[in-house]
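Peer 1: Mind folding the following:
(2 chains)
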Number of protein chains: 2
Amino acid sequence: MNQMTNLTRLSPKDVRRLSRNRKLVGTTISLCEGYVQANLVILPEKDAFDFLLFCERNPKPCPLLWVSSPGDPHPDGVAENADLRTDLIKYKVFRNGKLMGEIEDITDIWDSNLVAFLIGCSLSFDQILLQAGFHLYYRQGDQTRVYVYVSNIHCKSAGRFSSPMVVSMRPIPGDRVSEVVAITSRYPKVHGSPVYIGDPAGIGIDHETIIQMTKKYDIGIVNNLLPTLPNNITPVFWGCGITPQVAAIESKVEFMITHGSGTLFITDLKLEDLAVF
Amino acid sequence: MNQMTNLTRLSPKDVRRLSRNRKLVGTTISLCEGYVQANLVILPEKDAFDFLLFCERNPKPCPLLWVSSPGDPHPDGVAENADLRTDLIKYKVFRNGKLMGEIEDITDIWDSNLVAFLIGCSLSFDQILLQAGFHLYYRQGDQTRVYVYVSNIHCKSAGRFSSPMVVSMRPIPGDRVSEVVAITSRYPKVHGSPVYIGDPAGIGIDHETIIQMTKKYDIGIVNNLLPTLPNNITPVFWGCGITPQVAAIESKVEFMITHGSGTLFITDLKLEDLAVF
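Peer 2: Okay, the predicted model is just below:
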């Protein structure tokens, strides 16, 4: 029995407590099946209205689950007895539109003028897709790669925030694309239905632009080249909650904290409770 | 004002009466918006059970709207005062697995042991797609071509009937494929959601096989080569009610009558009444 098998038994509360005590390393992929995982964005109060508007205008990449009052790190109603300053495995810190690095705790840099945003993450519905028999390639074998790309789809701007849309990609058999649309449409709070289906080049994703975008927007994710897919497998793209990190760079925000790569905040929300039909 | 503009005002009853009186030529594409158009299949009683089972097992290409009792050409409940022997613009006649030709009236070859099947047609939802702003290419300019192909998807066999699935194709912008899945999912009785989305080659459709299939299964439709699409346009495929005609050839049925090319039976059913949600 490997480590992952044991960890899948952990409750959201367990994961948050273990993270707080610095007992967990690695990613939250596969943890707490059935529970909603969230992207974290923390901004100074002065940028909070613009960002809230950005989320409101771009619900596919940035579906809001919860927004704090200034200075309040406790997402009550979303996660019991949680503290956003300590309960993630890792955090990224951006300063002046640049990723400074990843750290394990943000207690020291937290202050009373910060506002926290939790944004749904599509990892939340992967478990349902797996149960439905989809092979999410990035979990096959020892591959744990998530396919994430900067597309040429323009998010709607809001105040100081503008950004191209970051998208996650899952390779889906062409004869099951309708089904994957139907399943994911039920959960708009974790990105909902696909934003684009078909040739990646149609939204500006090809090998050359991937390299350019990875250089232009260094958010610390691996340069994912496009996988070679058989012709009966169709690339399906969803909005991605990493978009705010690209917006931080594009908009040169002075200060932003986010979750670390693959280390999302795990809520007490059950995915099924967010289904809209 | 061209002829088509006038004809769109006709009610289903008008079209059936005009067809009966041999006043109409051309196709039923664009006629009777909002009403369900149906593929017609007529078979001897001895083959009716096998074919009914074939439809039951293959609801995507062959969604049944109505089945007659043997010898009854009046589809009561589906179309008032209608007669399936006269109320279509044209009919195809197949004998011994071969298309014999198209005729305008089947009164002379109708007999009391024949069973008629009405199968939903995806032309029925095209009007809704047009209203939603989709450009169905085959109606642009003077193009009235419907993209129809024999795929390599195997229908489930039933008794003497087996067939590859015929599919219709609509080119859809990649960022609206989710929407077109959502819209068409509501109408399973006119083929419902797409059976395949993506590279045509993934279901065996390429220029070479199109030519081979058109030769192998001569059902009197134009050899539709694949259109060249921009890379942000995705080919989307639905099951097609022409499948029984290919089955007639594949299964070498002694006798089958169907609607003629593009000349469907127009029912009194409103599409919205068939929506399942």
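Peer 1: Could you report the pLDDT at A:Asn223?
Peer 2: What the model reports for A:Asn223 is a pLDDT of 63.
Peer 1: residues contacting A:Asp206?
Peer 2: Contacts here follow CB atoms under 8 Å, 6 or more residues apart in numbering or on different chains; on that basis A:Asp206 touches A:Pro200, A:Leu226. Every C-beta, even on glycine, is put in place using the N, C-alpha and C of the backbone.
Peer 1: Would you mind listing what in the stretch 51-200 of chain A touches chain B?
Peer 2: With CB under 8 Å from any CB of the partner chain as the criterion, the stretch 51-200 of chain A comes near chain B at residues A:153, A:174-175, A:177-178, A:181-182, A:185, A:193-199.
Peer 1: Need the max-distance pair from these.
Peer 2: Greatest spacing in these, by CB to CB: A:Ile153 and A:Asp175 (26.1 Å).
Peer 1: now stretch A:150-158, how far from the centre of its chain.
Peer 2: How far stretch A:150-158 lies from its chain's middle: 16 Å, per CA atoms, centre = their mean, to the nearest Å.
Peer 1: do the same with stretch A:186-193
Peer 2: Distance, centroid of stretch A:186-193 to centroid of chain: 13 Å (CA atoms, centre = their mean).
Peer 1: where does the stretch 101-250 of chain A have low pLDDT?
Peer 2: Scanning the stretch 101-250 of chain A for pLDDT under 70 picks out the ranges A:137-145, A:222-223.
Peer 1: Helices of that one, residue ranges please.
Peer 2: Listed in chain order, the helices of the stretch 101-250 of chain A (DSSP state H, counting those that start in this stretch) span residues A:123-131, A:177-185, A:207-216, A:243-250.
Peer 1: B:Leu269 is nearest to which of the ones you listed?
Peer 2: Closest to B:Leu269 of the helices of the stretch 101-250 of chain A, according to CB to CB: helix A:177-185, at 23.4 Å.
Peer 1: Run through who's touching that closest one.
Peer 2: The contact list for helix A:177-185, computed with CB under 8 Å, 6+ apart, reads A:122, A:125, A:128-129, A:132, A:134, A:170, A:172, A:191-194, A:197, A:234, A:236, A:238, B:177-178, B:181-182, B:185, B:193-198.
Peer 1: how big is the angle separating that helix from helix B:177-185?
Peer 2: Helix A:177-185 and helix B:177-185 meet at an angle of 100 degrees, taking axes from the mean of the first three to the mean of the last three CA atoms, to 10 degrees as the criterion.
Peer 1: can you give me the offset of helix A:177-185 from its chain's centre?
Peer 2: 19 Å.
Peer 1: now stretch A:51-61
Peer 2: Relative to its parent chain, stretch A:51-61 has a centroid offset of 14 Å by CA atoms, centre = their mean.
Peer 1: what comes up buried for that stretch?
Peer 2: The neighbour-count check on stretch A:51-61 (16 or more other CB atoms under 10 Å in any protein chain shown) flags A:Phe51, A:Leu52, A:Phe54, A:Cys55, A:Asn58, A:Pro59, A:Lys60, A:Pro61 as buried.
Peer 1: Select from the contacts of helix A:177-185 every entry located in strands.
Peer 2: Using DSSP state E, A:Arg170, A:Ile172, A:Ile197, A:Thr234, A:Val236, A:Trp238, B:Tyr196, B:Ile197 are the members of the contacts of helix A:177-185 that sit in strands.
Peer 1: how many other residues sit next to the last one?
Peer 2: Neighbourhood size, B:Ile197 [other CB atoms under 10 Å in any protein chain shown]: 29.
Peer 1: Leaving out chain neighbours, which residue sits closest to it?
Peer 2: A:Val177 (3.9 Å; CB to CB, 6 or more residues apart in numbering or on different chains).
Peer 1: what's the closest non-adjacent residue to the residue in the stretch 1-150 of chain A positioned nearest to chain B?
Peer 2: Residue nearest to chain B within the stretch 1-150 of chain A (CB to the nearest CB): A:Lys60, separated by 9.9 Å. Residue nearest to A:Lys60 in three dimensions, not counting chain neighbours: A:Gly239, with 3.6 Å by CB to CB, 6+ apart.
Peer 1: now do A:Thr263
Peer 2: A:Ile89 (3.9 Å).
Peer 1: residues contacting the one you found?
Peer 2: A:Ser19, A:Leu24, A:Val25, A:Gly26, A:Thr27, A:Thr28, A:Glu104, A:Gly260, A:Thr263.
Peer 1: what do you get if the cut-off is 10 Å, keeping everything else the same?
Peer 2: By CB atoms under 10 Å, 6 or more residues apart in numbering or on different chains, A:Ile89 lies in contact with A:15, A:18-19, A:22-28, A:31, A:102, A:104, A:259-266.
Peer 1: now the residue nearest to the spatial centre of chain A: how far from A:Val180?
Peer 2: Geometric centre of chain A, nearest residue: A:Gly241, 3.8 Å, by CA atoms, centre = their mean. Distance, A:Gly241 to A:Val180, using CB to CB, to the nearest Å: 19 Å.
Peer 1: Same check on A:Leu274?
Peer 2: To A:Val180, A:Leu274 is 18 Å away according to CB to CB.
Peer 1: Which of the two has more residues huddled nearby?
Peer 2: A:Val180 (26 against 18).
Peer 1: Surely A:Glu56 and A:Ile119 touch.
Peer 2: No. Here A:Glu56 does not reach A:Ile119: they are 11.8 Å apart, not a contact under CB atoms under 10 Å.
Peer 1: list residues touching both of those two?
Peer 2: What both A:Glu56 and A:Ile119 touch, as defined by CB under 10 Å, 6+ apart, is the set A:Cys62, A:Leu64.
Peer 1: got the residue ranges for the strands in the stretch 51-200 of chain A?
Peer 2: Per DSSP state E, counting those that start in this stretch, the stretch 51-200 of chain A has strands spanning A:64-67, A:91-95, A:98-103, A:114-120, A:147-154, A:164-173, A:196-197. These are given in chain order.
Peer 1: Can you tell me which of the ones you listed is nearest to A:Leu40?
Peer 2: The closest of these to A:Leu40 is strand A:114-120. By CB to CB, the value is 6.3 Å.
Peer 1: Neighbouring strands - and their directions - for that closest one?
Peer 2: Sheet pairing for strand A:114-120, assigned by DSSP bridges, gives strand A:35-44 (antiparallel), strand A:64-67 (antiparallel).
Peer 1: quick one: average pLDDT of the longest one?
Peer 2: If you average the pLDDT over strand A:35-44, you get 98.
Peer 1: and the angle for it with helix A:243-250?
Peer 2: Orientation check (the same axes, to 10 degrees): strand A:35-44 against helix A:243-250 gives 20 degrees.
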